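Colleague: need coordinates for the below:
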Amino acid sequence: MPLRNAIETHARQSPDALAVCISGRRLTYSELYDKIMRLHGALSKLPSRTRPNLPLPSSGRLFAFSGGNHPTATIALATALAGPHAVELLDPKWPDAMHRQTLAKLPPDAIFCLTSQTALIDAARRLKVPAIRVDTDDFEGFLATPAPLPFPSPSDLFQVGFTSGTTSQPKAFARTRHSWRVSLDASRMAFALTPQSHTFAPGPLAHGISMYAFAETLDLGATFFGTPQFDLATAHRAMSEARRIVAVPTFLTALSRGEKQEQIHEITTAGAKLDPSLLSQAQTHFPNARIHEYYGASELGFISLNTHGPHSSSAPAHSVGHPFAHVALSIRKNGVEVPQGFPGTIFVHGDLAIEGYIWGGRNSGFRREGPWATVGDIGQLNTDGSLSILGREGGMVITSGHNVYPQEIENALVNIPGIESAVVLGVSHPSRGQEIIAILKTDVALPEIRARLALGLPHYKLPRQFFSTKTWPLTSSGKIAHLELKKWLKQKDARLAPLTA
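Modeller: The predicted structure is shown next:
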């Protein structure tokens, strides 16, 4: 069922059911659907721009949203999900120059932003794009008389998303309604979702994992809980009404503190491999929850899944699980499929991959080979059919003539009791070409770390230097910022303490 139909059905059959709650601002399904129709009516009256690289139906408009997790975000995103319009989802944490460049490349028909985003408002004015400040009366004033929603085509676009990949410049891609319809059908089964799967997502709605959780929740007729900014006390209040959490590992780490949360029955996480210590901590803190750890990419959608129960997992802990039912995998090297157990580039065949980037895709990891697509991740298929991630093309470290994938060493490190998390980097070295550096969050003594690593890794894969840190630098999506760590190393930042014997 298209999301437009699902939301309308919930509004008619359960009008008083709670659809959204962010920072205490609550909308029932009937209230949300009314807001969607009013925003649709207002957007439809705007003059449209011609965009050969982003075709929309005649009644559709492209609007940009840069208001972060302001409560109006849920109305704007629901309108893009249910109506004929597409949302250009801007990260409010981007620098002003990046916002201006993005708007110049793809001017929207309207932009919704915060009063504090003066550079964005000025850029919109120069482009003659109306800027609606969502933290003022502008938003309510912009809404029009409710207008019936048309029935979008599955091939219509509804989202322009951005991913930085391995660079700091965002690459733009577009999503069709069909690709998310297939995803929603797959995740409902894989994550055991029901109309009672009331979901708390603490991350930014500008990022894929939280926005998708929002779409999942509306599709089910459940309640979506969020927070304007991550704050542990606010998060615990929101969590008290939820039965499910969707979060990247860094947010899950923060949530796995304090009193046990027995009301949580399902947890979905992605964005980075779960460390064994975090998995154990989350299982203790959420004793009634299954933990669904999936591997995917913004450009490819879902790829594989490992579900962890109280006493066992659906795949080996070091892996990212088995492929989703709708996905076929091929591990290739130089265009040729490699045997099971050998490393190569992960290619995916399914209905979820994008066709390509709108811009910014040159020299990127994403590419197609016929019906197969990849983002350049390196992995191998294990004997049980599960998938292990080793790194990314271009991320391989060549040290003293040996090819080394950092992920393999990181996996070995976090399996050492007492190491909470680890990042392995390659840095330039005058004689070795590159030298392997490990940065850890741990209190374990260096001799023990070296001894345990040597049991499972050959000598050339052992890090030459070890550093400890109390806190990780994070990207706006909550992932560890590897580029920032390299700067810390180069500048001999005090936040990195050398580990010595």
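
Colleague: which residues touch the residue nearest to P148 when sequence neighbours are not counted?
Modeller: Of all residues not flanking P148 in the chain, M37 sits nearest, at 7.0 Å (CB to CB, 6 or more residues apart in numbering). Every C-beta, even on glycine, is put in place using the N, C-alpha and C of the backbone. Neighbour list for M37: P146, A147, P148, L149 [criterion: CB atoms under 8 Å, 6 or more residues apart in numbering].

Colleague: what separation do you get for M37 and T145?
Modeller: With distances taken as CB to CB, to the nearest Å, M37 is found 9 Å from T145.

Colleague: list the buried residues in stretch 138-158.
Modeller: Of the residues in stretch 138-158, D138, F139, F142, L143, A147, L149, P152, D156, L157, F158 count as buried by neighbour count, 16 or more other CB atoms under 10 Å.

Colleague: pull the CA atoms of that stretch into CSV?
Modeller: Below are the C-alpha coordinates for stretch 138-158, written out as CSV (Å, rounded to 0.1, in the frame of the first residue of the first chain):
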residue,chain,number,x,y,z
ASP,A,138,5.4,31.8,9.2
PHE,A,139,4.7,28.0,8.9
GLU,A,140,1.1,28.2,10.0
GLY,A,141,0.6,31.3,7.9
PHE,A,142,1.9,29.5,4.8
LEU,A,143,-0.5,26.5,5.1
ALA,A,144,-3.5,26.7,2.8
THR,A,145,-7.0,25.2,2.7
PRO,A,146,-6.8,21.4,2.7
ALA,A,147,-6.5,20.0,-0.8
PRO,A,148,-7.1,16.4,-1.7
LEU,A,149,-3.9,14.4,-2.3
PRO,A,150,-3.4,13.0,-5.8
PHE,A,151,-2.2,9.4,-6.2
PRO,A,152,1.6,9.5,-6.9
SER,A,153,3.2,7.1,-9.4
PRO,A,154,5.7,4.5,-8.0
SER,A,155,8.3,6.0,-10.3
ASP,A,156,7.9,9.5,-8.9
LEU,A,157,10.7,11.0,-6.9
PHE,A,158,10.0,12.0,-3.3
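
Colleague: I'd like the next helix or strand past the strand or helix carrying Q101.
Modeller: Here Q101 sits within helix 96-105, counting by DSSP states H and E. Note on helix 96-105: by DSSP H and E, the next helix or strand toward the C-terminus is strand 110-113.

Colleague: which strands or helices does that next one pack on?
Modeller: Helices and strands touching strand 110-113, by 3 or more CB pairs under 8 Å, 6 or more residues apart in numbering; DSSP states H and E, are strand 62-65, helix 118-126, strand 131-133.

Colleague: how does it look with 6 Å?
Modeller: Contacts defined by 3 or more CB pairs under 6 Å, 6 or more residues apart in numbering; DSSP states H and E place strand 110-113 against strand 62-65, strand 131-133.

Colleague: lowest-pLDDT helix or strand in this protein?
Modeller: Sorting the helices and strands of the chain by mean pLDDT, DSSP states H and E puts strand 402-404 at the bottom, at a mean of 78.
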